[in-house]
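# coordinates only, sequence not included:
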């Protein structure tokens, strides 16, 4: 479960502030705090930091603009809000919220660019990494068919039932309420829910005088101040984050990049080295394959001097062997291969070395070096016992401790 530390900045250039920790369900974590911004670094821990800035310094309203990309919408905002803006648009920073699913309107915020930069610098100088900055008015929340009023000694914020936000100080609160009531239908008196924080007795007396003109009036006193209520609201119903565009928060990757730079460089180096080694091994294997193919071609041309261009050595060899196997007089193909297969079976124990093979007219002359005469005799009998073949020993001569033998293999009855 995510946790937030919501900090309420004062308008004064001091670092005195109030704060409240909450989770993402809006539940409070511990009591609210009050002190200097420098104290928050130790309190924040792993919580995400949200800052609330004075509502009187942020224009919050809604506009209807066609669906376009965010960059295009931000370009259109100054023209859509020009009647509501007192400052030069060049000095203002604009931010967008999520489009309303029902009426398609966009919540927007406008704030002086230098003032927003000052707020952010106060947080940064205190060693705080702020995740979002909202106007205090975004902490009012909403209730169906009910206007919400936050009353404090120095300022008050009003959110009507349609979500329009207004602010007033102690001297102008009465005028704000009269203006709001004047915009309501006489036959549909509004509902008003009031949060009161601090010494606001005179403001509450004025509200009581308005009760006959309201459908309902409910007052809730916030003994611990407004920060707890505002924090619970922005954690569950965030408004318009001012940190957009030029003020957008740097990503975590950019923030942690200096610490990971060496590790990333090493990883890239290892990857390049591994790729280089793989490429070198592939090149070497291709060279070996080319050399082997060249050796096969050379051996084939040595065996068959009449061969010209050979595109498939294996297929060409099989074709040549079939041609050799055709015996004279129209005998069936395969006599040579049958004889060769018989020789291979007889020499399976590896006790003989073939030194030469001649094949003519269906007769194979086999020259081999064996350990002794008994081995030569066993090979002759093994071949002779195969159906369709006859093997005869032509010669057996001693040579350097072994026996050089010659066998004649032919078809039975030939």
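Right, received. Where do you want to start? Note that the structure is predicted; figures quoted are calculated from it, not measured.
# in the stretch 101-250 of the chain, which ranges drop under the pLDDT threshold?
Scanning the stretch 101-250 of the chain for pLDDT under 70 picks out the ranges 250.
# mind listing the helices for it?
In the stretch 101-250 of the chain, helices defined by DSSP state H, counting those that start in this stretch lie at 113-125, 173-182, 201-209, 227-236, listed in chain order.
# now the angle from the second one to helix 201-209?
It stands for helix 173-182. With axes from the mean of the first three to the mean of the last three CA atoms, to 10 degrees as the basis, helix 173-182 and helix 201-209 are set at 20 degrees to each other.
# Tell me the helices and strands packed up against helix 173-182.
The helices and strands touching helix 173-182, judged by 3 or more CB pairs under 8 Å, 6 or more residues apart in numbering; DSSP states H and E, are strand 155-159, strand 165-169, helix 201-209. Any C-beta I mention is one placed from the backbone N, CA and C, and that applies to glycine too.
# so is residue 405 in a helix, a strand, or just coil?
On the three-state scheme (DSSP: H, G, I helix; E, B strand; the rest coil), residue 405 is labelled strand.
# and residue 8, what element?
Here residue 8 sits within strand 3-9, counting by DSSP states H and E.
# so what secondary structure elements neighbour that strand?
Here strand 3-9 touches strand 16-23, helix 40-44, strand 48-53, helix 113-125, helix 227-236, going by 3+ CB pairs under 8 Å, 6+ apart.
# Which neighbouring elements make contact with the first one?
Think strand 16-23. With contacts taken as 3+ CB pairs under 8 Å, 6+ apart, strand 16-23 sits against strand 3-9, strand 28-36, helix 40-44, helix 227-236.
# What's the mean pLDDT across the lengthiest helix in the chain?
In terms of residue count, the longest helix belonging to the chain (DSSP state H) is helix 252-303. With pLDDT averaged residue by residue, helix 252-303 scores 77.
# from the chain's centre, how far out does it sit?
Relative to the centre of its chain, helix 252-303 is centred 27 Å away, using CA atoms, centre = their mean, to the nearest Å.
# which helices and strands sit right next to it?
helix 313-324.
# Could you dump the helices and strands packed on helix 173-182 into a markdown table with mean neighbour count added?
Below are the helices and strands packed on helix 173-182 laid out as a markdown table (neighbours: other CB atoms under 10 Å):
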| stretch | mean neighbour count |
| --- | --- |
| strand 155-159 | 23 |
| strand 165-169 | 19 |
| helix 201-209 | 13 |
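# JSON lines for those, including distance to residue 272?
Converted to JSON lines, those look like this (distance: least, CB to CB, whole Å):
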{"stretch": "strand 155-159", "distance to residue 272": "58"}
{"stretch": "strand 165-169", "distance to residue 272": "56"}
{"stretch": "helix 201-209", "distance to residue 272": "70"}
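# Quick one: closest of these to residue 287.
The closest of the helices and strands packed on helix 173-182 to residue 287 is strand 165-169. By CB to CB, the value is 75.6 Å.
# Paired strands for the closest one, with orientation please.
According to DSSP bridges, strand 165-169 forms sheet pairs with strand 155-159 (antiparallel).
# Show residues contacting the partner strand.
Counting by CB atoms under 8 Å, 6 or more residues apart in numbering, strand 155-159 makes contact with 54-56, 136-137, 140-142, 147-150, 165-170, 173, 176-177, 180, 203, all of which sit outside it.
# And the helices in the stretch 301-414 of the chain?
Under DSSP H, counting those that start in this stretch, the stretch 301-414 of the chain gives helices at 313-324, 335-346, 373-384.
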